[in-house]
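Pasted the sequence and its predicted model underneath.
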2 protein chains.
Amino acid sequence: MPDAEILAVGSELLGTQRLDTNSLYLTGKLNVLGVEVVQKCVVGDDRARLANEIAAALKRTEIVILSGGLGPTEDDVTRDAVAAALGRTQYQNADALAAIEERFKRLNRKMAEINKRQAMVIEGAEVLPNPRGTAPGQWIRTEDGRTVMLLPGPPTELKGMFEDQVQPRLEAMLPKQCIETVFYRIAGMGESDVDALIAPVYSKYMNPVTTILAGAGDIQLHFRARCSTVDEAKGLLAEVCPQIEKLLGDRIYSNDGASLEETVGKMLCAKNRTVAVAESATGGALGARMTAVPGSSACFKGGFITYTNEMKEKLLGVSSEVLAEYTEVSEKVALEMAKGVRERTGAYYGVAITGEAGPESGSGQPVGTFYVGVADETGFAEAKRYQFPGDRARLRQLGTQWALDLLRRRIVAG
Amino acid sequence: MPDAEILAVGSELLGTQRLDTNSLYLTGKLNVLGVEVVQKCVVGDDRARLANEIAAALKRTEIVILSGGLGPTEDDVTRDAVAAALGRTQYQNADALAAIEERFKRLNRKMAEINKRQAMVIEGAEVLPNPRGTAPGQWIRTEDGRTVMLLPGPPTELKGMFEDQVQPRLEAMLPKQCIETVFYRIAGMGESDVDALIAPVYSKYMNPVTTILAGAGDIQLHFRARCSTVDEAKGLLAEVCPQIEKLLGDRIYSNDGASLEETVGKMLCAKNRTVAVAESATGGALGARMTAVPGSSACFKGGFITYTNEMKEKLLGVSSEVLAEYTEVSEKVALEMAKGVRERTGAYYGVAITGEAGPESGSGQPVGTFYVGVADETGFAEAKRYQFPGDRARLRQLGTQWALDLLRRRIVAG
C-alpha cells in the first residue's frame, strides 16, 4: 500500500498564528482508503525551496499532496515549483481558462489579467475542476508511477475537490483492499468515559481497528475491518459492534455519519414536527447549526436571540422577578425561554440555552454553567444544568451540543 | 541572517486530531531575534526517515530545531536520528543521568531502567537541563557552522528550556536584527482585486516582504520589515504602508489583527450604541459571530431568527404582500427586516440578512443571491444585493461578512 506525504504551501502558515488544518482532513480521508500519512511539511511562497521539497518528497513517498499556492498572484508558486521539480513545462489550458472566465461572468465581476495564471497547467496533468473557487487543481502521474496532486488552500475548495475529483481517482488507483467501517456518533459523554466503557470489548480485537475521535461533546467511534473479502470484514464487525451498541445504548445518536443537527432534523421531519430556538449565551449558534443542514426550513422555524435580560423579558416574556431572584443563568429562566419561544412561534418544540460563556461571569454563576431547556406542545417542559470545561468558544459549542441532545431525547421519548 | 527550520517528531502528530503547536511559539521567539522560519515538518517515530529529513534540513537551512521524541521508550527516536544524520556517536552523560535520578528521587518515584536512555548525549553536544521534565535537551554546533537543537515535546518543558537555555545561546550567536510587522484586514474585495490594486506599490520593495491571505470575504495583508535596528524596520514600513492605506482607504477595517466582528463591536462601544440582528438564510450565524467576542453584551442586544416567511411576518412584521410580490430574497424584505428588528428591540442599529444559501432555491432567486440591510435610529435604512460564489457554508459566511461590513460603513458614515 502506498504512503502519502502532505505539503502545505504558504508563508502565512510559517507565522505565529495559523496552522495547516487541511492536513487533518486529508489524513482522515486517506486513512479510510488505507493510505498512511508518513510526513507533513509546510513551505513558504518560495519557488526554489518548494521545488526542492517536492523533488525530495517524490524520492521517498509514492503520493505527494500539495495544498495552497494556486492563487493568481506572484507569490502563488505551487504550479511553477511542481513543474520545475518534475522538469515539465506549463501551458495555458483553454478549458481551465474558459471555466475561470465563466465564473467571473456568472459573478458579474471583471476578470483581472493575472487570473489567467490560474489556467496554467503542467504538461501531462489532468485538470481538476473547482466549482467552489477560481483555481483548478491538477492530478499528475509521473513516469516512475508516483502521484502528485495540486489542491487549493481554502478548506471548502480543497474538501469539495477531494471528494469530487481526488477520491475516485485514488480508489481506482489503489490496490483493492476491502475496508468495511462501522461509524457511531455519541453525544452526552466525555472521551475518557467512552473509552473506559468500551475498552474491555475493543481491546480484545486487532481487526477491526478502533479509533475514537473527540470533538466538543461529540465523540466519533470508528471500527475499521480490513480483509481480503467484504464478507470477512463484515463478519468481524458483526462480532464486535453489537457488544459496543449494547454498552452505549441511546447515547449513540447516529451510525451513518450524520451530525447531531442532521439527525435531529431527520427525526423532526419524520414526525412532521417543527422547532424554534431561544438563545442567550450562544447568541444564534444553535440556530446556525440547525440551519447549516440543507432543507432545514422543513422543520426549523426560527427563534429569538435574547442576549441581554432586557431582551429575555421583551421578546420572550421571561418575568423580571424570576430574573432578579434566580439570575438569567438558572433552570427557571431556561424553562421560561423554552416555553416562551414555543408559544411565540407556534413551533411544536421550543429549545433554550442560557449560560456563562466567560471569560467573566455576568450573572454571578461560575463560568461554564449552562442550562438548556426544552418545551413541547403537550405542555411538557424540562431544563438541565451542565457545568462545562473550556474556553468561550468550546463552552458555546458544548451548549449547542447538549441542547440538541436534550431535544433528540425528548423527540424519542415523546 | 540565518534561517531556521522546525522538525516536530511524533506519529501522534500525523493523525487526524493533533497539530504541532510548539512551532507557533518557537516561530514567535525566533522572529523577535530576526530569524525567519522557512520550513516546518512533522515526521513520525521513524529513525531512518527522521535521520534523512534532518540531514536534508541541515543541507538547506542554518538552524534546525527538533521538538519531541526525547522520551525513554523505543519510539523516541530523535537522539538516534540526529546522531545518525551527523555521523556522531552517543554516550551516557553522567551529569544528565544524575539529574534524571535526582528528579525521580525528588518525586519519590522509582526510576525505570529505560529512563537511562534519556541520559544518552550526542558526541560534542551541550546538555540543556530540563527542570520541568525528565528529558534533557541538546545543543549542537556542526563542523560547517550549522546549529541543531533537540528540545522536549511537552509545551511547558519546551518553552522553559527555550527561554532558559536556547534564547541566550541564540542571542550570543546571531547578528543583532529586528523584525517589524504591519498587519491590515480588508473586507469587501476579492484577493485578486486587492493584489491588482496594491502590487504596483509592494512589488517595488524586497523589504518589507508582503503577504496576502484570503478568507471568505476577508483579506489579510502582512508587511514584514527585517533590519538591524527597530527604527530602520519602522522606517521601511513608514515608507510603504501609507501608500497602501491610501489605495485601500476605508476597505481596511483593522490594522491590529482584530476580526471584523471585534472591530464593529469596538466601534459600537466607542459610540455607546447597540445593534440587533434579523437573520433568515444565516439562521443565527451573524449573532453567533458578534457574540463570539467577549463582552459583546455591551453593544449586542439580540434579535430574531426568521427562517420561514411565516416567522418574518409573525416576528418582524414583514408584510405578506411584499413577500408575495418580491419574494423573501429581495431588497424590500431586507429593509423591512432591518427596520422591524430595530423597532422591536429598541437597538440603535438593525441589521438583516436574507438570501439563497442553496443547494436548491426556495424563492426562485439564484443560489448565492443575498440581500443585507441596515437601519438605524435616525430613520436611515439601506439594503444591498450581492451575488456570492461557493457552497452553502461559504455563502452563509459571506452573508455575515457583508452584513458586518455594511454595518461598519454605516457606523463610520452616521
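All right, it came through fine. Numbering: from 1, shown residues only, chains lettered A, B, ... in the order given.

What separation do you get for the residue of the stretch 101-250 of chain A found nearest chain B and A:Gly133?
For the stretch 101-250 of chain A and chain B, the shortest gap (Cβ to the nearest Cβ) falls at A:Ala112, measuring 4.7 Å. For glycine as for every other residue, the C-beta is placed from the backbone atoms N, C-alpha and C. For A:Ala112, the distance to A:Gly133 equals 15 Å [Cβ to Cβ, to the nearest Å].

what about those two, which has more around it?
Using other Cβ atoms under 10 Å in any protein chain shown as the criterion, A:Ala112 and A:Gly133 rank with A:Gly133 on top: 24 against 18.

tell me the SS of A:Lys301?
Classification of A:Lys301 by DSSP: H, G, I helix; E, B strand; the rest coil places it in strand.

Where in chain A is the helix or strand with the lowest mean pLDDT?
Ranking every helix and strand in chain A by mean pLDDT, DSSP states H and E puts strand A:209-215 at the bottom, with a mean of 77.

For that one, which helices and strands make contact with it?
With contacts taken as 3 or more Cβ pairs under 8 Å, 6 or more residues apart in numbering or on different chains; DSSP states H and E, strand A:209-215 sits against helix A:191-202, strand A:218-227.

can these go into JSON lines with extra columns for mean pLDDT and mean neighbour count?
Listed next are the helices and strands packed on strand A:209-215 as JSON lines, based on pLDDT from 0 to 100; neighbours: other Cβ atoms under 10 Å in any protein chain shown:
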{"stretch": "helix A:191-202", "mean pLDDT": "86", "mean neighbour count": "15"}
{"stretch": "strand A:218-227", "mean pLDDT": "87", "mean neighbour count": "20"}
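
Could you export these as CSV, including distance to chain B?
Shown next, in CSV, are those (distance: least, Cβ to the nearest Cβ, whole Å):
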stretch, distance to chain B
helix A:191-202, 10
strand A:218-227, 10
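
Out of those, the one nearest A:Ala98 is which?
A:Ala98 sits nearest to strand A:218-227 of all those, at 40.9 Å, using Cβ to Cβ.

Please tell me how far the closest one is from the chain's geometric centre.
17 Å (Cα atoms, centre = their mean, to the nearest Å).

relative to strand A:209-215, how tilted is that strand?
Relative orientation of strand A:218-227 versus strand A:209-215 (axes from the mean of the first three to the mean of the last three Cα atoms, to 10 degrees): 160 degrees.

Looking at chain A, which helix is longest?
helix A:392-413 (DSSP state H).

Alpha carbons of it, as CSV, please.
C-alpha atoms of helix A:392-413 as CSV (Å, rounded to 0.1, in the frame of the first residue of the first chain):
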residue,chain,number,x,y,z
ARG,A,392,-15.6,30.6,25.5
ALA,A,393,-15.7,29.0,22.0
ARG,A,394,-15.8,25.5,23.5
LEU,A,395,-18.4,26.4,26.1
ARG,A,396,-20.7,27.8,23.4
GLN,A,397,-20.2,24.7,21.2
LEU,A,398,-21.0,22.4,24.2
GLY,A,399,-24.1,24.5,24.9
THR,A,400,-25.5,23.9,21.4
GLN,A,401,-24.5,20.2,21.6
TRP,A,402,-26.3,19.5,24.8
ALA,A,403,-29.4,21.5,23.7
LEU,A,404,-29.6,19.4,20.5
ASP,A,405,-29.1,16.2,22.5
LEU,A,406,-31.8,17.2,25.0
LEU,A,407,-34.2,17.8,22.1
ARG,A,408,-33.2,14.5,20.5
ARG,A,409,-34.0,12.6,23.7
ARG,A,410,-37.3,14.4,24.0
ILE,A,411,-38.3,13.5,20.4
VAL,A,412,-37.5,9.9,21.1
ALA,A,413,-39.4,9.9,24.4
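
can you tell me the average pLDDT over it?
Helix A:392-413 carries an average pLDDT of 95.

Now that helix: buried residues?
A:392, A:394-411 (16 or more other Cβ atoms under 10 Å in any protein chain shown).

Filtering those residues by proximity to chain B, which remain?
A:392, A:396 (Cβ under 8 Å from any Cβ of the partner chain).

Compare the helices and strands packed on strand A:209-215 and report which one is nearest to B:Leu14.
The nearest among those, by Cβ to Cβ, is strand A:218-227 at 16.7 Å.

all helices for the stretch 1-150 of chain A, in order.
For the stretch 1-150 of chain A, the helices defined by DSSP state H, counting those that start in this stretch cover A:22-32, A:47-60, A:78-86, A:94-106.

tell me which strands and helices the shortest one is in contact with?
Put plainly, it is helix A:78-86. helix A:47-60, strand A:90-92, strand A:120-122, strand A:137-141, strand A:147-151.

ok, and what's touching the first one?
Contacts of helix A:47-60 with the rest of the structure, by Cβ atoms under 8 Å, 6 or more residues apart in numbering or on different chains, involve A:5, A:7, A:9, A:39, A:41, A:43-44, A:64, A:66, A:69, A:77-78, A:80-82, A:84-86, A:142, A:146, A:148, B:38-39, B:49, B:52, B:56, B:60.

okay, now the domains of chain A?
According to automatic domain parsing, chain A comprises the domains A:3-173, A:178-254, A:260-413.

As TSV, those domains with distance to B:Gly217 would be great.
Converted to TSV, the domains of chain A look like this (distance: least, Cβ to Cβ, whole Å):
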stretch	distance to B:Gly217
domain A:3-173	12
domain A:178-254	26
domain A:260-413	17
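
Mean neighbour count, those: which tops it?
domain A:260-413 (a mean of 22; mean count of other Cβ atoms under 10 Å in any protein chain shown).

sorry, back to before: can you check which of the helices of the stretch 1-150 of chain A gets nearest to B:Leu30?
B:Leu30 lies closest to helix A:47-60 among the helices of the stretch 1-150 of chain A, at 17.1 Å (Cβ to Cβ).

Wondering if stretch A:19-27 reaches chain B at all.
Yes - interface with chain B: stretch A:19-27 contributes A:19-21, A:24-25, A:27 (Cβ under 8 Å from any Cβ).

make that stretch A:272-281, sorry
Yes - on the criterion Cβ under 8 Å from any Cβ, stretch A:272-281 is in touch with chain B at A:276-277, A:279, A:281.

Report the rounded mean pLDDT for that stretch.
98.

And that stretch, end to end?
Stretch A:272-281 stretches 29 Å from its first residue to its last (Cα to Cα, to the nearest Å).

do you know how far the residue of chain A most remote from its centre is from chain B?
Using Cα atoms, centre = their mean, the residue of chain A lying farthest from its centre is A:Glu321. It sits 41.5 Å away. A:Glu321 sits 21 Å away from chain B, going by Cβ to the nearest Cβ, to the nearest Å.

which residues are in contact with stretch A:326-336?
A:280-281, A:309, A:312, A:316-319, A:322-323, A:352-356, A:362-365, A:369-373, A:375, A:381-383, A:385.

Now, the residues you listed that are in strands?
Secondary structure defined by DSSP state E assigns A:352-355, A:369-373, A:375, A:381-383, A:385 of these to strands.

can you confirm A:Thr340 is in a helix?
Just so we're on the same page, residue A:340 is Gly rather than Thr. Yes - according to three-state DSSP, A:Gly340 belongs to a helix.

residue contacts, it?
Contacts of A:Gly340 (Cβ under 8 Å, 6+ apart): A:278, A:304, A:315-318, A:350.

where does the stretch 301-414 of chain A come near chain B, residue by residue?
A:301-308, A:310-311, A:314-315, A:344-346, A:358-360, A:362, A:392-393, A:396.
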